[in-house]
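K.L.:
sharing a sequence plus its predicted fold:
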Amino acid sequence: MIKKSLKTRQICFFFIAFMPVVKFFMMPSVMANSAGRDEWLSCIINVLLDFATLAALVFAFRNVKTNFFSLSENTLGKVGSKIVYALYAVYFLMKAYVPIAEQRDYVELTLYSTLPNVLDFMPFMLLAFYFAQKKLRVIGRVSDVVWVLSASAYLLMFSLAVSNAEFDLLLPVGKTPFNKIAQGSFYALNWFGDAAYFIFFVGEYEHKKGDCAKSVISNLIAALSVRVFGGIFYRTFSSIAFRQRYALTEMSKYSSVINNVGRFDYLAIFFLLLASAFSAAVPLYFASKLAVKIVGCNSPKIKTAVSATVFILYTAALLLFKEYNASIEKFMKEYGGYAFLLFGNVLPVVFAFTFSKGATKNAIPAH
């Protein structure tokens, strides 16, 4: 019997530990810029979209023993599968760009504001490269540990920020035109589409009775934390919320507790930065694995060389296009949403109800 790479518990912790935190930087201000006080409605649209996608995936693949790569090759053939792998590799590289750029800017301009340097964020790329060399089970092992730090940081940050929130700013509900609410939802798609990761977990964990509910509930917990964060964020800054690029730290620093005691919220910030480093590395992890699958060689040296090539080129792009970040972010918001919606939500559902029909009952290792 082939040992599974993941446990259901670890998949649940994965969604709780890594999926919310990447949304705590620039995303709330993007939604607020379009939808204003109704940015929480934009957030709910995306949350429900991801929830429906994940529910469809969990339900369709609940009895599947074969992993995504084998399912793809059985359904589409080798050539068709490699086309899918290439498209998803590009998708993950696109998905990673803005979260990595915003976290790089946060580290350089906030934590190291006296000496900005392009090398300040290079350790992240080394961590991401090292992460990508590991088998899928590393995601489960890291999730087992980091979810505790993430959950603790969520509670601390929320408790510090809630005292500054004016909840009457929620009213009147729905005053913003629906097209603006929909625009806020569309512009924020870069930070959603998390259910797409689940297709790479298919066949890699032992499905037991009740696992569908556990996976869906963990996604709901992650979604609730994002919703609560967004609500407190707007109720703290109101009409100037769209200017707060680093929502994560802007909310807590005005707390009366911080003013009297000192910025012990940095403890939570460092926990969240650790979680966000892994969260931002996840798309690069899968992009690297897909590039290796496209090459189709089992030699460890060639796998490492392919992965290294992906990371070297991506690091070069991050450095080369740093001065054009504003333009790239604008492009991702205004046009990238079509790709994020297609690959993050539409295609996973299509895969769920086509690939699962040809599933076999014998597990085939993905790595």
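P.N.:
Cool, got the structure. Numbering: from 1, shown residues only.
K.L.:
let me know the pLDDT of residue 361.
P.N.:
Looking at residue 361, its pLDDT is 43.
K.L.:
wait, I meant residue 335
P.N.:
93.
K.L.:
neighbours of it, how many?
P.N.:
Neighbour count for residue 335, taken as other CB atoms under 10 Å: 10. C-beta coordinates here come from the backbone N, C-alpha and C atoms, glycine included.
K.L.:
ditto for residue 185
P.N.:
Residues within reach of residue 185, counting by other CB under 10 Å, total 24.
K.L.:
quick one, what contacts the residue lying closest to residue 193 once chain neighbours are set aside?
P.N.:
Closest residue to residue 193 apart from its sequence neighbours, by CB to CB, 6 or more residues apart in numbering: residue 344 at 2.2 Å. By CB atoms under 8 Å, 6 or more residues apart in numbering, the contact list for residue 344 reads 50, 53, 91, 95, 189, 192, 193, 194, 195, 196.
K.L.:
could you redo the last one with a cut-off of 10 Å?
P.N.:
Taking CB atoms under 10 Å, 6 or more residues apart in numbering as the contact definition, residue 344 lies against 46, 49-50, 53, 91, 95, 189-190, 192-197, 337.
K.L.:
let's see the helix or strand hosting residue 185 as PDB, backbone CA atoms only.
P.N.:
Using DSSP states H and E, residue 185 sits within helix 178-187. C-alpha atoms of helix 178-187 as PDB (Å, rounded to 0.1, in the frame of the first residue of the first chain):
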ATOM      1  CA  PHE A 178     -23.700  46.900  -7.700                       C
ATOM      2  CA  ASN A 179     -21.300  47.400 -10.600                       C
ATOM      3  CA  LYS A 180     -18.800  48.900  -8.100                       C
ATOM      4  CA  ILE A 181     -19.300  46.000  -5.700                       C
ATOM      5  CA  ALA A 182     -18.700  43.600  -8.600                       C
ATOM      6  CA  GLN A 183     -15.600  45.600  -9.600                       C
ATOM      7  CA  GLY A 184     -14.200  45.300  -6.100                       C
ATOM      8  CA  SER A 185     -14.700  41.600  -6.300                       C
ATOM      9  CA  PHE A 186     -13.200  41.300  -9.700                       C
ATOM     10  CA  TYR A 187     -10.100  43.400  -8.800                       C
END
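K.L.:
buried set for it?
P.N.:
180, 181, 183, 184, 185, 186, 187 (16 or more other CB atoms under 10 Å).
K.L.:
gap between the helix or strand following it and the chain center?
P.N.:
Next along the chain after helix 178-187, taking DSSP H and E as the criterion, comes helix 211-237. Helix 211-237 has its C-alpha centroid displaced from the chain centroid by 13 Å (CA atoms, centre = their mean, to the nearest Å).
K.L.:
check residue 341 and give its pLDDT.
P.N.:
95.
K.L.:
that one is in contact with residue 188, isn't it?
P.N.:
No - look at residue 341 against residue 188 with CB atoms under 10 Å: they stay out of range, at 11.2 Å.
K.L.:
so for residue 244, what's the pLDDT?
P.N.:
pLDDT, residue 244: 69.
K.L.:
then residue 222?
P.N.:
For residue 222, pLDDT reads 85.
K.L.:
burial of it, as a residue count?
P.N.:
26.
K.L.:
pretty sure it sits against residue 19.
P.N.:
Yes - at 4.8 Å, residue 222 counts as touching residue 19 under the criterion of CB under 10 Å.
K.L.:
who touches both of the two?
P.N.:
With CB under 10 Å, 6+ apart as the test, residue 222 and residue 19 both reach 50, 150, 194.
K.L.:
ok, and the most crowded of the residues you listed?
P.N.:
residue 150 (27 neighbours).
K.L.:
what is in contact with residue 341 and residue 188 at once?
P.N.:
residue 46.
K.L.:
all helices of the stretch 251-367 of the chain, in order?
P.N.:
256-261, 265-295, 300-320, 325-334, 336-341, 347-355 (DSSP state H, counting those that start in this stretch).
K.L.:
quick one: which of those helices is nearest residue 138?
P.N.:
helix 265-295 (8.7 Å; CB to CB).
K.L.:
what are the buried residues along that closest one?
P.N.:
265, 268-269, 271-295.
K.L.:
please report how far residue 191 lies from residue 232.
P.N.:
17 Å (CB to CB, to the nearest Å).
K.L.:
more crowded one of these two?
P.N.:
Per other CB under 10 Å, whichever of residue 191 and residue 232 has more neighbours is residue 191, with 26 against 23.
K.L.:
looking at residue 341 and residue 188, which is more packed in?
P.N.:
A count of neighbours by other CB under 10 Å puts residue 188 above the other of residue 341 and residue 188, at 26 against 18.
K.L.:
my guess is residue 29 contacts residue 233, does it?
P.N.:
Yes - between residue 29 and residue 233 a contact is recorded at 8.2 Å, counting by CB under 10 Å.
K.L.:
and these two? Which one has more around it.
P.N.:
Comparing residue 29 with residue 233 by other CB under 10 Å, the one with more neighbours is residue 233, at 25 against 21.
K.L.:
how close does the nearest residue to that one once chain neighbours are set aside get to residue 85?
P.N.:
Leaving aside its chain neighbours, residue 233 sits nearest to residue 28 (4.5 Å; criterion: CB to CB, 6+ apart). Applying CB to CB, the value for residue 28 to residue 85 is 33 Å.
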